[in-house]
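*Asks:* Got a sequence here, can you model it:
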Amino acid sequence: MDYNTAYTRVQQLKKFYKNLMWFALISAVIIGNDWLNDGIHYKIFGGHLFLTIWAIILVVKAFFLFVFDDEWERKIIEKETRENKKPIDF
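*Replies:* Modelled structure (predicted):
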């Protein structure tokens, strides 16, 4: 992994963890407020829909960041080039 790729990866991880921290903080405020006021009930317009959509986005980002990373892409490219190398018949 060269420097530029490593730098980009670190920046992506930093952004993801910062987003995750904000999600945890805002979730704690919204759910804590619900719990203190009237118990935890799912309300569409009470911030729960917002948290659900944000959680789905975070899961997708995590999936692409940790599962489909540069190493995975490199392995797939190598596999495809090996499979597609066919001898030339003259």
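
*Asks:* starting at the chain centroid, how far to stretch 7-25?
*Replies:* Remark: stretch 7-25 is offset 9 Å from the chain centroid, using Cα atoms, centre = their mean, to the nearest Å.

*Asks:* got a list of contacts for that stretch?
*Replies:* With contacts defined as Cβ atoms under 8 Å, 6 or more residues apart in numbering, stretch 7-25 is touched by 1, 51, 54, 55, 58, 61, 62, 65, 69, 70. C-beta: built from backbone N, CA, C; applies to glycine.

*Asks:* Of the residues you listed, just the buried ones, PyMOL syntax please.
*Replies:* Those of the contacts of stretch 7-25 that count as buried under 16 or more other Cβ atoms under 10 Å are selected in PyMOL with:
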select buried, resi 54
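
*Asks:* Need the max-distance pair from the contacts of stretch 7-25.
*Replies:* 1 and 51 (34.9 Å; Cβ to Cβ).

*Asks:* before we move on, the earlier item: okay if I get the contacts of stretch 7-25 as CSV plus secondary structure, distance to residue 10 and pLDDT?
*Replies:* Below are these laid out as CSV (DSSP: H, G, I helix; E, B strand; the rest coil; distance: Cβ to Cβ, whole Å; pLDDT from 0 to 100):
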residue, secondary structure, distance to residue 10, pLDDT
1, coil, 11, 67
51, helix, 28, 90
54, helix, 23, 94
55, helix, 24, 95
58, helix, 19, 96
61, helix, 15, 94
62, helix, 16, 93
65, helix, 12, 90
69, coil, 12, 80
70, helix, 12, 77
